[in-house]
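Novice: How does the following fold in three dimensions:
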Amino acid sequence: EANIVFNSQIREAYNVLSLAKRYAERMTRALKTTQSALVTIQKELTKQRELLQTRKARKTGK
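Specialist: Residues are numbered from 1 along each chain as shown. Predicted structure coming up:
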């Protein structure tokens, strides 16, 4: 949402060079990609931690 607003304001600005506009759009796209990868990795880490806790509980329960 914030990236969309940022990009639209950059596109509408007349005093910003076109190279800077393209750079800003590429950076927001890269940020979005990186953020989604980070969320995926965090979810995987949470699942792995839960699995590890389950295995530890089984080991100590015997």
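Novice: Every contact and neighbour count from this point should use C-alpha atoms.
Specialist: Fine.
Novice: Would you mark the buried spots in the helix-or-strand element of the chain with minimal mean pLDDT?
Specialist: None of the helices or strands of the chain scores lower by mean pLDDT, DSSP states H and E than helix 2-12, at a mean of 92. Neighbour counts over helix 2-12 (16 or more other CA atoms under 10 Å) mark 7, 10-11 as buried.
Novice: Could you pull up the mean pLDDT of the longest helix anywhere in the chain?
Specialist: Ordering each helix of the chain by length in residues (DSSP state H) puts helix 18-60 first. Mean per-residue pLDDT for helix 18-60: 94.
Novice: Report the separation between the residue most central in space within the chain and Thr54.
Specialist: For the chain, the residue sitting closest to the mean C-alpha position, by CA atoms, centre = their mean, is Gln35 at 0.6 Å. In this view, Gln35 and Thr54 are 29 Å apart by CA to CA, to the nearest Å.
Novice: hmm, back to that, which strands and helices sit next to the least confident helix or strand of the chain?
Specialist: Judged by 3 or more CA pairs under 8 Å, 6 or more residues apart in numbering; DSSP states H and E, the packing partners of helix 2-12 are helix 18-60.
Novice: just how off-centre is the helix it packs on within its chain?
Specialist: Chain-centre distance of helix 18-60: 6 Å, with CA atoms, centre = their mean, to the nearest Å.
Novice: what packs against it?
Specialist: Helix 18-60 makes packing contacts with helix 2-12 when contacts are defined by 3+ CA pairs under 8 Å, 6+ apart.
Novice: The helix it packs on to helix 18-60, inter-axis angle?
Specialist: Here the directions of helix 2-12 and helix 18-60 differ by 170 degrees (axes from the mean of the first three to the mean of the last three CA atoms, to 10 degrees).
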